[in-house]
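Visitor: no sequence for this one, just the structure:
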């Protein structure tokens, strides 16, 4: 019996090749899009959930009120971890994590690599598979290093890396004590190697006895089995406060935990709490996947019911011959599942072809696990679900025909039959119009951020990391760079002008209040010519210049926002001290610069800034203003030999400031491309559905059209008559989509303080586009019906 169902289904599908091809194409595209999104969602939901002890691992967070706002952040003080392990029996182990970047040298090979400095228990806490080495012993010594399989191949080729020596920053030799399997795509951690935290302590980066107010590492704790997170949070909440209560500047910072398996999806700080930031994106993508699949299924429904007259007599004869309705339903569902299966095979091909591009777009490493039995079971369920969803309405609709009316040719009731299909097409175009409006708004918001005045000039501006001997020979390097004609200005900085790496509060000045001690200042650095190098307007006073003014080692520049928040009418000369500092140390304001964008270009608020003179290892970056009279290649060609001369052990690497700044737009650029992709797919699939309804209407009104032509109706008149019905559907969809899009996109824009206002023309443009697309789609069927020979239509009358 089942074999007969499939044989009959195949014959029916083969008989109407055109409709079958459109059905398969629509379903295949819809299923492919849904599969891509589901792969992305699966990756997001599985983030860092593969760790064997993951249900007991917690990320330590700080919480405090800063500038009358409640903040939460995931960097803690260095002494927190040893205090937790020593004083809290619930803690089985702790692991601190610091980002690290060093030059690796093996023989003639030199490369900069990104890694982490971690406590020795890191690999025992987290389940990163080790191919070679001992998890418990591999980071015990100061000069141990664990590298990934990928880095091992870069450094040692096919040789066994275990036991080999790597020279770090041309200073120390480290021994490879372990090789890790390359990191899985579903982890937040990003590293090519692991160094013991004791190594960077030896370099003087930090100490276990550091100030509790200096927040550098990420701290993770492993609680013992059956420990309560709520009870532990209550115990550790005031740990920082308790350890600083006798200091000159006691802390008010509280500590709390976030489960590792929730850290990615529920890690957005909001008013001192961690809320569902990424989870909202996952839900949104899930809804988009569901709608795209639904729209593809609606096409099947419309195309199937549009052919109802061709299948009606078959249903009538089957019923007269004794077929029950449930048998007919099963027959039609078998057809839809068969078609769904074929569409799924095509969808797999489409997914495999587009996966590389989709990975690049989403910055993921997604792949289909063809050898995983769970995948094929899920695929089978997906095919059956899609087939039943797409075929349910046609199956119950077609099987409901009255055999007597069918065989008499009097089964059609136009008004009753058209309404469901109109509802389905309205649903399709509602989502399509929503995606059009959303795409326009995302594009405008992106352009709004890109066109924002940055406050400084990025043209011909590059920066170089101050690695190796650069700081040691900086004076000579500076003189030769200026003398080369390739550089017109340069300044030594604590970090790149595009990045916020350091901030601090706890300052006082004449006239400051207790609340002012909670103003959080972004900290930057310069040795000289800060305003000139970046072409930033100097509003008051002068620039820092430690070469011209040796006392500028105690000088500071403030920005406009800082002046306003500090309520300084005449800021130049103001003395600023740290609260609780008994050493009589201070900095003196020598100038005020115009506000410029350091953080997100979509944040309306510019943070208050203090620009100090960097000393020692604090000077990490050199910004260079290239000579605009030369080509960029010529400038870089003159600069490289100078750095090579004084820093021969390190490769000359540079970053263009404008390219680095553009990375701030990565997320919204990705959202724009995804919106354009999904809008295009939705419109295309919806047009297939509209084509189906046009075919149905033309078929259903063929005799009416014939009569009108005999009575003298023109082709234009008949085409307009048929198209008018579809325009009504599009307008109904627009009336539903417009307010929905306005509401949802306003909520999306609320995530940006520097944002556009949604203007009326966005909806007008979306409405015009949707009408144009609908007219183009139905014009083929309308004109085809209008130019048809009326004699053929009326022959049976």
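Guide: On my side now, so go ahead. Keep in mind that what you see is a predicted model, and the values were worked out from it rather than measured.
Visitor: is the residue nearest the centre of the chain in a helix, a strand, or coil?
Guide: Centroid-nearest residue in the chain: residue 667, 4.9 Å away (criterion: C-alpha atoms, centre = their mean). What DSSP: H, G, I helix; E, B strand; the rest coil gives for residue 667 is helix.
Visitor: pLDDT wise, what is it at?
Guide: At residue 667, the pLDDT value in this model is 83.
Visitor: so how far is residue 600 from it?
Guide: Applying C-beta to C-beta, to the nearest Å, the value for residue 667 to residue 600 is 10 Å. Using the backbone N, CA and C atoms, a C-beta is placed for each residue, glycine as well.
Visitor: also residue 776?
Guide: Residue 776 is 40 Å from residue 600, by C-beta to C-beta.
Visitor: and residue 497, by the same measure?
Guide: The gap separating residue 497 from residue 600 is 14 Å, by C-beta to C-beta.
Visitor: the two: who's more crowded?
Guide: Neighbours were counted for residue 497 and for residue 600 using other C-beta atoms under 10 Å; residue 497 has more, 24 against 16.
Visitor: where do the helices of the stretch 101-250 of the chain begin and end?
Guide: 122-125, 149-156, 197-202, 229-236, 239-244 (DSSP state H, counting those that start in this stretch).
Visitor: most tightly surrounded among those?
Guide: Among the helices of the stretch 101-250 of the chain, the stretch with the highest mean neighbour count (mean count of other C-beta atoms under 10 Å) is helix 122-125, at a mean of 22.
Visitor: how about the secondary structure of residue 640?
Guide: Residue 640 - assigned by three-state DSSP - is helix.
Visitor: that one: how many residues sit nearby?
Guide: Neighbours of residue 640 (other C-beta under 10 Å): 15.
Visitor: low pLDDT regions in the stretch 651-797 of the chain?
Guide: Scanning the stretch 651-797 of the chain with the threshold set as pLDDT under 70 gives 692-693, 695-716, 718, 781, 784-797.
Visitor: got the contact list for the spatially closest residue to residue 89 that is not a sequence neighbour?
Guide: Among residues not flanking residue 89 along the chain, residue 224 sits closest, at 7.7 Å (C-beta to C-beta, 6 or more residues apart in numbering). Contacts for residue 224 (C-beta atoms under 8 Å, 6 or more residues apart in numbering) come out as 56, 89-92.
Visitor: which pLDDT value goes with residue 224?
Guide: You'll see residue 224 listed with a pLDDT of 95.
Visitor: for residue 51, which non-adjacent residue is closest in space?
Guide: residue 127 (4.4 Å).
Visitor: hey, which strand is longest across the chain?
Guide: strand 91-106 (DSSP state E).
Visitor: you'd agree residue 501 is up against residue 495?
Guide: Yes - contact criterion C-beta atoms under 8 Å: residue 501 and residue 495 qualify, at 4.1 Å.
Visitor: compare those two (neighbour count), which wins?
Guide: Taking other C-beta under 10 Å, residue 501 and residue 495 do not tie; residue 495 has more neighbours (20 against 14).
Visitor: the more buried one in helix, strand or coil?
Guide: Strictly by three-state DSSP, residue 495 counts as coil.
Visitor: now it: how far from residue 660?
Guide: 11 Å.
Visitor: cool, and residue 586?
Guide: For residue 586, the distance to residue 660 - C-beta to C-beta - is 34 Å.
Visitor: how about residue 342?
Guide: With distances taken as C-beta to C-beta, residue 342 is found 48 Å from residue 660.
Visitor: ok, now residue 341?
Guide: 49 Å.
Visitor: now do residue 150
Guide: Distance from residue 150 to residue 660, counting by C-beta to C-beta: 25 Å.
Visitor: how about low-confidence regions in the stretch 301-450 of the chain?
Guide: 304-326, 328, 393-419.
Visitor: can you give me the helices in it?
Guide: Under DSSP H, counting those that start in this stretch, the stretch 301-450 of the chain gives helices at 308-320, 325-362, 373-398, 403-408, 414-450.
Visitor: winner for burial among the ones you listed?
Guide: It is helix 414-450: most buried of the helices of the stretch 301-450 of the chain by mean count of other C-beta under 10 Å, with a mean of 20.
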